[in-house]
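Pasting the sequence and the predicted coordinates here, then a few questions.
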Amino acid sequence: MRASILGGAGYVGGELLRLLADHPDVEVAQVSSGSHTNRFAHTVHPFLRGRSDLRFCDPAALEPCDVLFLAGAHDDAADEVRELEGRARHVVDLSARFRLRSAADWREWYGTEHAAPEYLERFVYGLPELHRDELIGARFASGVGCNATASILALLPLARAGLIERAVVDLKVGSSEAGARASAGGQHPARARAVRTYAATGHRHQAEIRQELGDFELSFTATAVDLVRGVACTAHVFPTEAVSEKELWGLYREHYRSEPFVRIVKERHGLYRYPEPKLLAGTNYCDVGFEVDECTGRIVVMSAIDNLMKGAAGSAVQSMNLMCGFEEARGLGFAGLHPV
Amino acid sequence: MTTETKTLKAACPECDAEIVAAETPFVHEILPCPECGLELEVVVADPLQLLPAPEVEEDWGE
């Protein structure tokens, strides 16, 4: 099967190329970049050196393919999908543009009118743990917000059980979330050794969490820390009724026992007793752990992901596998490194 | 002559996971829970009864 990537010079585009290079059912036909046209892809993504002779093409030169990944910014994606949908049987748009089902929600959280509202209902939110059945054979899938993914997978079993009255979600995030384009906040003096809260309230990924998990009081704060890859989520849940740890074990086990990429990490021994993002670099796993505060009844749920993988390209390839009829975990077998 | 292998089971007192002992364990033997990792001490071998094994508390200093 032939896959192409539009906007492949960024970090997410690079992750797609890394994953698809080892995918036994997929050949990358083209990768485009408006700013790197004609350059070898390995000059931007060095892990391709010696493994691929792909060159970036002009975005206008993309030819028909089986799967098209849109890996550019969401400002461009709406027009792109209208123009490009005829060139591919399946489209996976990793930008934010088609994650929300409602144009009103888009306006509220992104501050603009949606450029292609007629497509909103056609896209499936590309998190297989939530929408596996809809993704099978689907024509269009959205990407996922990385912070939203870490939060959703932490809270999903509790939300489905109706146990969340109020949740306070605190995220510590790596610098690659900001993308490959230069920004003032990404300069080395600003980013190195940072522990900087950049969204105390009002983070856009809340909209995805609300859409996918339903209605409860949600507070959300994101802090940039000195990681390149990774999201560490700590969700403080004030439940509708008292829940024991044994009941939480049952609930999380029931939800995630069959999931290929969600693991319960709650160990009694060893250094890594709870989810730790650095161990997940390059993997498609989301690790989830929990503990009950016996004094207050508060439930603390921790999750960790690689933002570029489970929070972007990994979930996109997992979705593609479902859309195209491949085994769901195909091409996503990397288990991570230790020590790292 | 065939030898029948007896499977002994108990629930982890921490997470409720099923603990299976393929052979009759010794009293005081330690069986780790495969799900939560809690180390369990065999207090009765048959029927299998388990309790959290005593452990030295660690000072994580964090």
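Noted; the coordinates are in hand.

now the helices: where do they sit in the stretch 101-250 of chain A?
A:103-110, A:128-135, A:146-160, A:188-191, A:205-213, A:245-256 (DSSP state H, counting those that start in this stretch).

Quick one: list the elements packing against the fifth one.
Going back to what we said before, that points to helix A:205-213. helix A:103-110, helix A:146-160, strand A:217-225 (3 or more Cβ pairs under 8 Å, 6 or more residues apart in numbering or on different chains; DSSP states H and E). (Glycine included, C-beta is placed from N, CA and C.)

Let's have the ones you listed in CSV, adding mean pLDDT, distance to B:Gly37 and mean neighbour count.
Formatted as CSV, the helices and strands packed on helix A:205-213 follow (pLDDT from 0 to 100; distance: least, Cβ to Cβ, whole Å; neighbours: other Cβ atoms under 10 Å in any protein chain shown):
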stretch, mean pLDDT, distance to B:Gly37, mean neighbour count
helix A:103-110, 96, 40, 16
helix A:146-160, 98, 20, 26
strand A:217-225, 96, 27, 18
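
Tabulate the ones you listed (CSV), appending distance to A:Gly7.
Shown next, in CSV, are the helices and strands packed on helix A:205-213 (distance: least, Cβ to Cβ, whole Å):
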stretch, distance to A:Gly7
helix A:103-110, 18
helix A:146-160, 17
strand A:217-225, 24
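
looking at the helices of the stretch 101-250 of chain A, which is closest to A:Ile305?
helix A:146-160 (5.0 Å; Cβ to Cβ).

Pull up the residues of the stretch 151-300 of chain A that are close to chain B.
Within the stretch 151-300 of chain A, the residues that sit near chain B (Cβ under 8 Å from any Cβ of the partner chain) are A:245-246, A:249-250, A:253, A:264, A:266-270.

Separate out the buried members of the residues you listed.
Neighbour-count burial (16 or more other Cβ atoms under 10 Å in any protein chain shown) applied to those gives A:245, A:249, A:264, A:266-268.

ok, of the residues you listed, which one's closest to A:Arg99?
Once Cβ to Cβ is applied, the member of those that ends up nearest A:Arg99 is A:Ile264, at 26.4 Å.

what's the closest non-adjacent residue to A:Ser244?
A:Val292 (6.7 Å; Cβ to Cβ, 6 or more residues apart in numbering or on different chains).

Likewise for A:Gly230?
A:Gly230 sits nearest to A:Pro277 (Cβ to Cβ, 6+ apart), 3.0 Å away.

just checking, next helix/strand downstream of the helix or strand of chain A with the lowest mean pLDDT?
Taking mean pLDDT, DSSP states H and E as the measure, chain A has helix A:74-84 as its least confident helix or strand, at a mean of 70. Counting by DSSP states H and E, the next helix or strand C-terminal to helix A:74-84 is strand A:88-93.
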